[in-house]
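J.: With the input below, show me the fold.
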Amino acid sequence: MKLEILYEDDHMIACVKPPGVPSQSDKSNDEDMVTLVKNYIFENSDSNNEPYLSLLHRLDRPVGGVMVFAKTKEAAAKLSNQVTDGTMIKYYQAVLTGELPDDYGELLDYMVKDPKTNMSRICKKGTEGAKEARLTYELLDEFETDEGIISYVLIELKTGRHHQIRVQMANIGCGIWGDIKYNPKFKRSKNKIKQIALFSSRVELVHPVTGERMVFKKEPYGKAFDVIEMDEF
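T.: Model (predicted):
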């Protein structure tokens, strides 16, 4: 698989994860992004040693888009701090099956993960294992269809919880298009969906060495986003 590289230097690399590819190795043993990026670096290096690579953030398997990796331990430490303190800003574009309450809004919930089912849910504050989940959204477009309202949105992820966007949007009745885990309109689907209509379209960060503010962008692609271009809309 040929990687789409958005930026690379001695300290970090930004690339595009195709939908359906795991962020890191899992029990499926399918090609994953960590392995793909390591192989790319090794093949383009004069060294015979295994390259260092740090996974800074993850995307769910059916989600595509921009990912950033660190190539040194020093860069990994500084970029990881940006993930933790919120100075690494992540934007997503999504297609939702539902009408949002406002054109602009913030969702603040508490979420807990069930490792047995690999799913997360909204819970009350103070629940054992619960963590704050926060995002903001902006409505980009809205379409009326025979099956209801379709909303096209830009989301800024403020915290990075497991399946966060998918869970929070489903909780307000606006699940992600194609999401068979959380969207009731797709839960009964027997199709193995490789891509849902959620895409990491923009990542902003401060370069770990130069201090330069950097922006990496990629527009959504794939069948899941064709829904917003259908003739009936």
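
J.: residues touching the spatially most central residue of the chain, list them.
T.: By C-alpha atoms, centre = their mean, the mean C-alpha position of the chain lies nearest to Leu59, the distance being 4.1 Å. Leu59 sits next to Lys17, Ser23, Gly65, Met67, Ser200 when contact means C-beta atoms under 8 Å, 6 or more residues apart in numbering. Where C-beta positions appear, they are placed from N, C-alpha and C, glycine not excepted.

J.: Please spell out the PyMOL selection for the buried subset of those.
T.: PyMOL command restricting those to the buried ones, with burial defined by 16 or more other C-beta atoms under 10 Å:
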select buried, resi 17+23+65+67+200
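
J.: quick one: what helix or strand has the residue nearest to the centre of the chain in it?
T.: If you go by DSSP states H and E, Leu59 is not part of any helix or strand.

J.: Could you report the distance from the closest residue to Lys223 other than its chain neighbours to Lys217?
T.: The shortest distance from Lys223 to any non-neighbouring residue, by C-beta to C-beta, 6 or more residues apart in numbering, is to Gln195 (6.5 Å). To Lys217, Gln195 is 19 Å away according to C-beta to C-beta, to the nearest Å.

J.: of these two, who's got more company?
T.: Gln195 (21 against 13; other C-beta atoms under 10 Å).

J.: Mind checking the pLDDT average for the one helix or strand Glu106 maps to?
T.: Using DSSP H and E, Glu106 maps to strand 104-114. Strand 104-114 shows a mean pLDDT of 96.

J.: Nothing else from me, thank you.
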